[in-house]
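S.K.: Predicted model, plus sequence, below.
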Amino acid sequence: MKKIISTSEAPAAVGPYSQAVRVGSTIYCAGQIPLDPKSGQIVSGDIAAQTRRVLDNITAVLKAEDLSFESIVKTTIFLTDLADFQTVNEIYGSYFKQEPPARSTVQVPALPKGARVEIEAIAVADENGFGGQSVADTSG
């Protein structure tokens, strides 16, 4: 059974899709572009500003399910120019303090609304339904 995840802390969908969908303990986050959640417009600034906004939008979607970046197991980064890779990579790395997820990065010809970066994520909640580290049963 799927649960639609929606929060006003992240930009509203710009098409017929959900911000995220949860199936069991897996959360599939739609790709986020650097839209300001309040104005619905692309944030001004360089690729660094756009990347931070994208990652902050993902943070808001995960927070709606009491999850954090520690819960992310896979991301895909879409860039309109691979020359931006190093800057995006540095900022991305600052959001993952330890044990970063698996990741793919691809260059695409264009993104919605003229964005330079889009990131989608898959997260997994622990067996209690929340993010963070699971504790193994060592009782034997």
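M.R.: Ah, there it is. It should be emphasised that the depicted structure is a prediction, and the values quoted were computed from it without experimental measurement.
S.K.: Hmm, Lys113 is touching Gly15, no?
M.R.: No - using C-beta atoms under 8 Å, Lys113 is not in contact with Gly15, being 11.1 Å away. Quick note: C-beta positions are derived from backbone N, CA and C, even for glycine.
S.K.: the more surrounded of those two?
M.R.: Lys113 (12 against 6; other C-beta atoms under 10 Å).
S.K.: who are the neighbours in contact with the more buried one?
M.R.: 14, 33, 35, 42 (C-beta atoms under 8 Å, 6 or more residues apart in numbering).
S.K.: Tell me the one of those nearest Phe78?
M.R.: Ile33 (9.0 Å; C-beta to C-beta).
S.K.: And that closest one, how far from Thr26?
M.R.: Distance of Ile33 to Thr26, given as C-beta to C-beta, to the nearest Å: 23 Å.
S.K.: So for the two, which sits in the more crowded spot?
M.R.: With neighbours defined as other C-beta under 10 Å, Ile33 and Thr26 compare such that Ile33 has more, 23 against 13.
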